[in-house]
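Enquirer: Below are the sequence and a predicted model; questions follow.
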Amino acid sequence: MITPAYCQTMARYNTWQNDQMAEAMARLSPEALSQDRGAFFGSILGTANHLLWADAMWLSRLTDLPKPDVAVTDSPSMTPTLAAWQAERFRMDGRLRLWAEDLGALDLTGDLTWFSGSTGREERRPMSVIVMHIFNHQIHHRGQIHAMLTAAGEDPGATDLFLMPQA
């Protein structure tokens, strides 16, 4: 269904998009970043924090990375400032890229079983579906952030995968 090369491409895409998003976020005031804009996680920073939280949670299920210290309901406040978010995002993107670079084809087979705090029960899904979910979840919430940044007057940059630099 998916390959290690797909995961590596999507991990690079994630880093590229997060870097562009961070540049646009840095042009806003702390108040504008924290302003409730009616999104599911409220603000631009709240949504970016939730995305950081989700990546940490999924990588904790796939690697030896520890789980986030906060629950999903508190994920919008995971980091208090843009600078703190940028530092954590940089680390998380590096971890995600290293995970993708170390994948073999067999790592993407079989099922993943975990306890979900969101559903309150043990879940079991094909690994390939979970990995696709991780990347789709990132794209979904970055799309929300992109819309909020645009509404705030900032240009978050290109998002088309084929425009990603090859570096």
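Expert: Thanks, I have it.

Enquirer: Poorly predicted segments of the protein, please.
Expert: Scanning the chain for pLDDT under 70 picks out 167.

Enquirer: Helices along that one, start to end?
Expert: All helices of the chain, identified by DSSP state H, fall at 4-26, 30-34, 44-62, 82-101, 127-151.

Enquirer: which secondary structure elements does the fourth one contact?
Expert: For helix 82-101, the contact count by 3 or more Cβ pairs under 8 Å, 6 or more residues apart in numbering; DSSP states H and E identifies helix 4-26, helix 44-62 as packing neighbours. For the C-beta atoms, the positions are set from N, CA and C on the backbone; glycine is no exception.

Enquirer: cool, the longest one as well?
Expert: Secondary structure elements in contact with helix 127-151, counted by 3+ Cβ pairs under 8 Å, 6+ apart, are helix 4-26, helix 44-62, strand 111-116.

Enquirer: For the shortest one, which strands pair with it and how are they oriented?
Expert: This means strand 111-116. Next to strand 111-116 in the sheet, as set by DSSP bridges, lie strand 121-126 (antiparallel).

Enquirer: Could you tell me the angle between the partner strand and helix 127-151?
Expert: 100 degrees (axes from the mean of the first three to the mean of the last three Cα atoms, to 10 degrees).

Enquirer: any idea of the angle strand 121-126 forms with helix 44-62?
Expert: Using the same axes, to 10 degrees: strand 121-126 against helix 44-62 is 80 degrees.

Enquirer: The nearest residue to residue 155 once chain neighbours are set aside: neighbouring residues, count only.
Expert: Once flanking residues are discounted, residue 155 sits nearest to residue 24: 6.6 Å by Cβ to Cβ, 6 or more residues apart in numbering. A count of neighbours around residue 24, defined by other Cβ atoms under 10 Å, yields 20.

Enquirer: swap in residue 45?
Expert: Count around residue 45 with other Cβ under 10 Å applied: 27.

Enquirer: before we move on, back to that, out of the helices and strands packed on helix 127-151, which one sits most buried?
Expert: Highest mean neighbour count of the helices and strands packed on helix 127-151: helix 44-62, a mean of 22 (counted as mean count of other Cβ atoms under 10 Å).
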